[in-house]
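S.K.: would you be able to build a 3D model of this:
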Amino acid sequence: MSERKIQIVDTTLRDGEQTAGVVFANREKVRIAKLLDELGVHQIEAGIPVMGGDEADAIKEICQSGLKASIMGWNRPVIKDLELRWHVGLTRLPFPYRLPTFISSTNCRPPENGCWRKWFLQWNSLRSTGYISR
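M.R.: Below you'll find the predicted structure:
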């Protein structure tokens, strides 16, 4: 029987702040990331770089902390988001070939009938895939 490896992915710094009344100061985010790393967490979702300001600063500091864990940020498949991702130091892709993105979709008519959102999202996703693969 082969031994299975379990990899732990923690979302406290991203999902935790989506809980009502929960807001972490930058120093708390960095400290939490360090504690998670000490516990042996394999991957830490540090936040959403495109939010900018304190969020981007905290992610950058976490990335520069020399942790063993893979640090991940959440983004849309939009080139601006990907550029901000690299800017804060999120240069490694989490676990082979995964780039965490969020693609919102709606049921809508083709672009010529006035609904361009779904078409635009699909087009942007293809552009972003080309961007990250270069």
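S.K.: residues contacting Leu13?
M.R.: By CB atoms under 8 Å, 6 or more residues apart in numbering, the contact list for Leu13 reads Phe24, Lys29, Ile32, Ala33, Ile44, Glu45, Ala46, Gly47, Ala58, Ile62. All C-beta spots, glycine's among them, are computed from the backbone N, C-alpha and C.
S.K.: compare these and tell me which is most surrounded.
M.R.: Among those, Ala46 has the most neighbours (other CB atoms under 10 Å), with 31 neighbours.
S.K.: adjacent strands (with direction) for the host helix or strand of that residue?
M.R.: Per DSSP states H and E, Ala46 falls inside strand 43-47. If you go by DSSP bridges, strand 43-47 pairs up with strand 9-10 (parallel), strand 70-73 (parallel).
S.K.: which of the contacts of Leu13 sits closest to Lys80?
M.R.: Gly47 (16.3 Å; CB to CB).
S.K.: surely that closest one and Thr12 touch.
M.R.: No - Gly47 lies out of contact with Thr12 (CB atoms under 8 Å); the separation is 10.3 Å.
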